[in-house]
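Asks: quick one: sequence and predicted model below, then my questions.
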Amino acid sequence: MRNPLAPEWLSVPVGTTNDPSLDPEIWPRNLKRGTYARITLAGTPVTELAIKYSTPLYLYDQDFLLQQATDVKRIFEEAAAKIGTTAHIYYAGKAFLSAQFVRWMVELGLSVDVCSAGELAVALAAGVDPSSIGLHGNNKSEYEIRKAISAGIGVIVIDSEPELHLVARIAAELGRHQQVRLRINTGVHAHTHEYLATAREDQKFGVAMSDAETLVDKIAGYESLDFLGMHAHIGSQIYAPEGFQESANRLLDIHARLLKKYDVPELNLGGGFGVKYVESDTPIPLEEMAAGIMNAVAKRCEELGIKPPALAFEPGRAITAQAGVALYTVGTIKDVEVQLDNGTAIRRYVAIDGGMSDNLRPALYGANYSVIANARTGDAGYVLSRVVGKHCESGDIVVHDCYLPADIAEGDILTIASTGAYCVSLSSNYNYLERPATVAVGAKEETVLLTRETEEDLLRRDGGING
Ligand SMILES: Cc1ncc(COP(=O)(O)O)c(C=O)c1O
């Protein structure tokens, strides 16, 4: 009988012994479930990787990751070409960042967005051409701006009027001409398939649309600044193009007015393209998303009698999420009786050796994930389960609702899908847990992107020990 605590959308898995297939829209292409439900990534058993690097462990399917980056770039470029323009892709480094990762993105022809001195330091340490880096942030410090301009960063996205003057002054002091964009609050906020449009979205980023032209005049008045165009980012995990279309329409209206005075080469429509985490998620294919955005841009440009500008986009999750998985080791298992109006039901709590310190998304956004157990065939049946962490918070949940094999036991390895974005980058040392290693696994080699923290790392900052 179906567990009444299970959400409607969650289906009970079929036995895995004879069903090696995993949803290709959720799992990395080279993650396979073979005989006796043993899981491998690019040919290496996950049990081997778990022993070698310890759990929790964040892994990327390297070939798939690079393919995803290539595909995202190609999809936007092809869609842009169809409306007679170009698309430039900035990988949003906040999704996941390490030096090797930056090198891979730049080698594939993407630029990289950073949004702090720390992220910039990683990108610069990668040794890539600084002109392929962009700097974001709603509260950049003088230090960050100076560091970026001295390094020769490609573009700075200006987020407010005071920052405009600060960037102009620092660039002048350093004798540079700094390319800048102006971030606009278009009043459009999108989440999954819904979007909300107001005069100004109630959030901290960007300048009001009504101030855009005056501020561009001010940028143009500075010898040390080169205006590239406007920018907007309307949200994340967006399933459909309507929000982007509305935002593009609003920006193009201003863009057309600016063209009467200035040469404005570009328009940046941000990132936020959604991915599938669980079976109920329904993002449209990226090809359709890109085509939907481009068609709207082409239509509005025609109405305004202007040529479509060169476009830029900043995807993070769409490149990295699906290529990543996380491994955890199962510890304590508890069956908890839950009172319902008409009886009781059992929810199984399966505790793992990490949690909200390495994956904050469920606690932060109520995010959900898909999970499979290694070497459990499903022959014993499935039990409605909740995968929880080991932190001192009841909201420390990694997978809210899933069916796990009924014979799951302490020491088993769980593999969580789509953890390649906003997990490691949001991780903390809560409860003094060491942050996990992140390793890219290819068919021939493994690349350690981030090593696992050690107890020495944790104690190093303690003034009472090293003071
Ligand atoms: C300015 C900006 N650009 C791009 C992104 C990337 O979003 P996503 O990873 O959802 O594509 C973000 C995410 O917060 C952002 O703030």
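Replies: Cool, the structure landed. Numbering: from 1, shown residues only.
Asks: could I get the contacting residues of Ser428?
Replies: Ser357, Leu360, Arg435 (Cβ atoms under 8 Å, 6 or more residues apart in numbering). Placement of C-beta: from N, CA and C, glycine included.
Asks: what does stretch 288-308 rub up against?
Replies: Counting by Cβ under 8 Å, 6+ apart, 75-76, 78-80, 82-85, 87, 240-242, 244-245, 248-249, 252-253, 255-256, 259, 267, 269, 273, 283-284, 309, 311 sit against stretch 288-308.
Asks: can you do 7 Å?
Replies: 75-76, 79-80, 82-85, 241, 244-245, 248-249, 252, 256, 259, 269, 273, 311 (Cβ atoms under 7 Å, 6 or more residues apart in numbering).
Asks: can you check stretch 209-225 too?
Replies: Residues outside stretch 209-225 that contact it (Cβ under 7 Å, 6+ apart) are 161, 164, 167-168, 171-172, 176-178, 180, 182, 184, 186-187, 207, 227, 230, 250, 254, 257-258, 262.
Asks: model confidence for the residue lying closest to Glu393 once chain neighbours are set aside, exactly?
Replies: Nearest non-adjacent residue to Glu393, counting by Cβ to Cβ, 6 or more residues apart in numbering: Met356, 6.4 Å away. If you check Met356, the pLDDT there is 98.
Asks: torsion angles phi and psi at the residue in the stretch 301-450 of the chain positioned nearest to the ligand?
Replies: Nearest residue of the stretch 301-450 of the chain to the ligand (Cβ to the nearest ligand atom) works out as Gly316 at 2.7 Å. When read as degrees, to the nearest 10, the backbone of Gly316 gives phi -120, psi -70.
Asks: the ligand next: which of the contacts of stretch 288-308 are close?
Replies: Within the set of those, contact with the ligand (Cβ under 6 Å from any ligand atom) is found for Phe273.
Asks: from the contacts of stretch 288-308, which land in helices?
Replies: Ile75, Phe76, Ala79, Ala80, Lys82, Phe244, Gln245, Ala248, Asn249, Leu252, Ala256, Leu259 (DSSP state H).
Asks: and those residues, which are buried?
Replies: For the ones in helices among the contacts of stretch 288-308, a burial check counting by 16 or more other Cβ atoms under 10 Å picks out Ile75, Phe76, Ala79, Ala80, Phe244, Gln245, Ala248, Asn249, Leu252, Ala256.
Asks: quick one: Leu360 and Gly389, what's the gap?
Replies: According to Cβ to Cβ, to the nearest Å, Leu360 stands 10 Å off from Gly389.
Asks: give the contact list for the nearest residue to Thr192 once chain neighbours are set aside.
Replies: Closest residue to Thr192 apart from its sequence neighbours, by Cβ to Cβ, 6+ apart: Tyr239 at 4.9 Å. Contact partners of Tyr239, counting by Cβ under 7 Å, 6+ apart, are Thr192, His193, Gly274, Thr282, Pro283, Ile284.
Asks: check the closest residue to the third one other than its chain neighbours and give its pLDDT.
Replies: Distances taken as Cβ to Cβ, 6+ apart put Pro283 closest to Gly274, at 3.8 Å, once the chain neighbours are dropped. Pro283 carries a pLDDT score of 96 in this model.
Asks: for Pro283, helix, strand, or coil?
Replies: What DSSP: H, G, I helix; E, B strand; the rest coil gives for Pro283 is coil.
Asks: wait, it touches Tyr277, no?
Replies: No. Between Pro283 and Tyr277 there is no contact under Cβ atoms under 7 Å: 9.6 Å.
Asks: ok, the two, which is more surrounded?
Replies: Tyr277 (24 against 20; other Cβ atoms under 10 Å).
Asks: distance check, the more buried one against the ligand.
Replies: Distance of Tyr277 to the ligand, given as Cβ to the nearest ligand atom, to the nearest Å: 12 Å.
Asks: show me what contacts that residue?
Replies: Per Cβ under 7 Å, 6+ apart, neighbours of Tyr277: Ile26, Ala367, Asn368, Tyr369, Ser370, Ser418.
Asks: run the last query once more with 8 Å
Replies: Ile26, Ala321, Ala367, Asn368, Tyr369, Ser370, Ala417, Ser418.
Asks: top of those residues by neighbour count?
Replies: The residue in those with the most neighbours, by other Cβ under 10 Å, is Ser418 (28 neighbours).
Asks: would you mind measuring from the residue nearest to Glu393 to Ala373?
Replies: When distance is defined by Cβ to Cβ, Met356 is 21 Å away from Ala373.
Asks: what of Thr40?
Replies: Counting by Cβ to Cβ, the gap from Thr40 to Ala373 is 14 Å.
Asks: neighbour count winner among these two?
Replies: Neighbour totals were compared for Thr40 and Ala373, and Ala373 leads with 25 against 18 (other Cβ under 10 Å).
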